[in-house]
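Colleague: turn this into a model:
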Amino acid sequence: MKKTAIILIIAMISIAIAGTKSSPPRLVECTGDFENPGQGVTNQSLAWTKMKTFFGNEHVFLLSRLDQGYWIFIQIFTFKYGPSQRYGIYSKVIADNGKIWFAKREVEKKDAIVSYNSINWESKGTSIKGSHPEFRFTIKEEAFQADVTARAFFKGWDMGKFYYEENKKAFWDVPVYLPWGRLEGTLTLDGKAIKVSGYAYGDRVHGVHRFDLVDPIFYGVRAVSPVKGSPRVSIQVAYNGIHAAHGNAYNAILMVMDPKGFLITSRKVKIHGADHRKDKKTGYTFPRSFIVEADDPGKDFKLRGIFKANRPMEIMDVISQLPHYLRSLAMKFFKLPVFSKWDGVFKGFYTFKGEKVNFQIRSMGEASFVGGPETIMK
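Modeller: Coordinates of the predicted model:
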């Protein structure tokens with residue numbers, strides 16, 4: 001861990017000063033077809049890559065709201081900075097009573113069994129295996145254990161590359177292998193095995209992007225589990241400002257789905273925070289509500305919704321993850337983000353082709369920003 005942190009700091013200091021550009025706001029270019037989503041994903045599009053660039057990172061992400069009163073998210077990732085590349089496991093189970101089981105482990109490249117033609121990955125019993133539409137996740141970590149299978153309701157979607165820069169050197173490639181589906185299996189907490197099931201979402205990200213150029217703001221709403229009596233729909237929203245070194249840019253994604261497939265995908269969506277309050281434990285100020293607005297006249301679509309947070313699931317200051325002897329150095333040269341995840345409900349309506357649908361969905365809200373304890377996201 002210390003070796004990784006030192007490499008991280010050296011790399012960050014070497015590239016910490018980034019220029020700014022003044023230009024009209026632009027929506028980052030995306031190669032994906034938002035007019036015809038759901039064209040499927042291939043094993044190769046989900047495969048791990050042999051990174052040859054100086055910077056690179058990728059992850060497999062799975063989120064599920066379990067009917068038994070838990071959230072679970074699983075993330076297997078890798079990052080490369082110069083000659084150093086490592087893998088890692090970052091996963092949590094959060095009970096409705098507030099108890100958390102947290103599995104976190106770095107994995108040396110030589111200790112991971114990696115497939116370069118599929119999503120498959122393994123380290124010490126923790127693994128991902130499968131191909132669309134079914135994926136099996138096995139967690140064998142000290143914090144908790146799990147053996148769960150996620151099955152997609154319909155075809156996945158390779159959203160394509162999102163180019164942060166007009167020269168197309170920095171990008172994120174985002175195949176969504178599980179736009180919406182069901183998860184079933186066994187979760188073992190404190191030695192007790194529990195049969196679990198719930199709605200789930202999963203995506204896969206490949207990135208070629210300087211990690212010091214952190215986006216100044218990000219909002220996300222992962223609305224996966226309809227409240228009883230609400231229509232069976234799932235809504236995914238992401239909105240982020242792009243680091244000024246890439247120009248005055250932003251990214252926006254909206255997906256609305258039912259069990260049969262995508263109803264609509266659009267990039268004409270915005271999110272902003274409201275009800276800002278200070279977290280007593282960390283001293284940071286966060287919005288407790290996210291206002292979501294989408295207007296896409298060309299598709300005869302309109303959405304108005306509000307995500308209201310019930311409680312924090314995670315608040316992580318990246319600076320706090322560094323060894324003590326490196327924190328002051330890191331803080332002197334640059335600012336790093338604070339990430340937060342919130343348990344809550346996304347409630348509102350959308351109109352599509354003349355029909356109005358009211359929804360209420362149990363959701364995970366995400367918000368991140370760059371700054372200190374005095375910062376307020378707006």
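
Colleague: going forward, measure contacts between C-alpha atoms and count neighbours the same way
Modeller: OK.

Colleague: and the one helix or strand E106 maps to, average pLDDT?
Modeller: Take DSSP states H and E as the rule and E106 turns out to sit in strand 100-108. The average pLDDT within strand 100-108 is 96.

Colleague: can you list contacts of that strand?
Modeller: Contact with strand 100-108 is made by 1, 85-94, 123, 141-144, 189, as judged by CA atoms under 8 Å, 6 or more residues apart in numbering.

Colleague: equivalent analysis for stretch 58-74, please.
Modeller: 48, 75-79, 89-96, 183, 196-207, 224-225, 362-363.

Colleague: going through the residues you listed, which ones are buried?
Modeller: Neighbour-count burial (16 or more other CA atoms under 10 Å) applied to these gives 48, 75-79, 89, 91-95, 183, 196-207, 224-225, 362-363.

Colleague: just these: which are in strands?
Modeller: 75-79, 89, 91-95, 183, 196-207, 224-225, 362-363 (DSSP state E).

Colleague: show me the shaky parts of the stretch 101-250 of the chain.
Modeller: Filtered on pLDDT under 70, the stretch 101-250 of the chain yields the residue ranges 210-215.

Colleague: all strands of it, in order?
Modeller: 113-114, 121-123, 126-131, 134-140, 145-152, 157-163, 171-176, 178-189, 192-208, 217-226, 234-241, 249-258 (DSSP state E, counting those that start in this stretch).

Colleague: so who does the residue lying closest to D147 once chain neighbours are set aside touch?
Modeller: Of all residues not flanking D147 in the chain, T138 sits nearest, at 4.6 Å (CA to CA, 6 or more residues apart in numbering). Applying CA under 8 Å, 6+ apart to T138 gives the contacts G125, T126, S127, I128, Q145, A146, D147, V148.

Colleague: likewise for E293?
Modeller: Contact analysis of E293 by CA under 8 Å, 6+ apart lists V269, K270, I271, K302, L303, R304, G305.

Colleague: and if you look at T126?
Modeller: F137, T138, I139, K140, E141 are the contacts of T126 under CA under 8 Å, 6+ apart.

Colleague: out of these, who's the most crowded?
Modeller: Top of these by neighbour number is I139, holding 24 neighbours under the definition other CA atoms under 10 Å.

Colleague: how about the contacts made by that residue?
Modeller: With CA under 8 Å, 6+ apart, I139 has these contacts: G125, T126, S127, Q145, A146, D147.

Colleague: number of residues surrounding A193?
Modeller: 12.

Colleague: against T149, how distant is the nearest residue to it once chain neighbours are set aside?
Modeller: Excluding the flanking residues, the one nearest A193 by CA to CA, 6+ apart is L187, at 5.7 Å. Using CA to CA, to the nearest Å, one obtains 11 Å as the distance from L187 to T149.

Colleague: which neighbours do those two share?
Modeller: Common neighbours of L187 and T149 (CA under 8 Å, 6+ apart) do not exist.

Colleague: who's more crowded, these two?
Modeller: Neighbour comparison, L187 and T149: the larger count goes to L187, with 22 against 19 (by other CA under 10 Å).

Colleague: what's the domain layout of the protein?
Modeller: For the chain, automatic domain parsing gives the domain ranges 19-211, 213-378.

Colleague: now find how far off-centre the first one is within its chain.
Modeller: Average the C-alpha atoms of domain 19-211, do the same for its chain, and the two points are 8 Å apart (CA atoms, centre = their mean, to the nearest Å).

Colleague: now do stretch 253-261
Modeller: 17 Å.

Colleague: quick one: buried residues of that stretch?
Modeller: For stretch 253-261, the buried set under the neighbour-count rule, 16+ other CA under 10 Å, comprises I253, L254, M255, V256, M257, D258, G261.

Colleague: let me know the closest of the residues you listed to F346.
Modeller: Using CA to CA, V256 comes nearest to F346 of those, at 12.9 Å.

Colleague: hmm, V269 is touching V292, no?
Modeller: Yes: assessed by CA atoms under 8 Å, V269 is found in contact with V292 at 7.2 Å.

Colleague: spell out the secondary structure type for S45.
Modeller: helix (DSSP: H, G, I helix; E, B strand; the rest coil).

Colleague: quick one, what contacts the residue nearest to D190 when sequence neighbours are not counted?
Modeller: Excluding its sequence neighbours, the residue lying closest to D190 (CA to CA, 6+ apart) is F144, at 7.0 Å. By CA under 8 Å, 6+ apart, F144 lies in contact with W101, F102, A103, L187, T188, L189, D190.

Colleague: and for A150?
Modeller: E134, F135, R136, F137, L178, G181, R182, L183, E184, A200.

Colleague: give me the nearest residue to it, chain neighbours excluded.
Modeller: L183 (4.2 Å).

Colleague: how near is that neighbour to V345?
Modeller: 20 Å.

Colleague: for G365, same thing?
Modeller: Distance from G365 to V345, by CA to CA: 9 Å.

Colleague: what sits closest to the most centrally placed residue in the chain if chain neighbours are left out?
Modeller: Centrality entry for the chain: nearest residue to the mean C-alpha point is F61, 6.9 Å, by CA atoms, centre = their mean. Setting aside the residues directly before and after it, F61 is nearest to Q75 in space (CA to CA, 6+ apart), at 4.6 Å.

Colleague: show me what S266 is bridged to.
Modeller: According to DSSP bridges, the residues that bridge with S266 are L254.

Colleague: pretty sure H206 sits against N57.
Modeller: Yes: contact status for H206 versus N57: in contact at 6.2 Å, counting by CA under 8 Å.

Colleague: show me what contacts D147?
Modeller: By CA under 8 Å, 6+ apart, D147 lies in contact with R136, F137, T138, I139, G185, T186, L187.

Colleague: try 10 Å
Modeller: 126-127, 136-140, 184-188, 195-196 (CA atoms under 10 Å, 6 or more residues apart in numbering).
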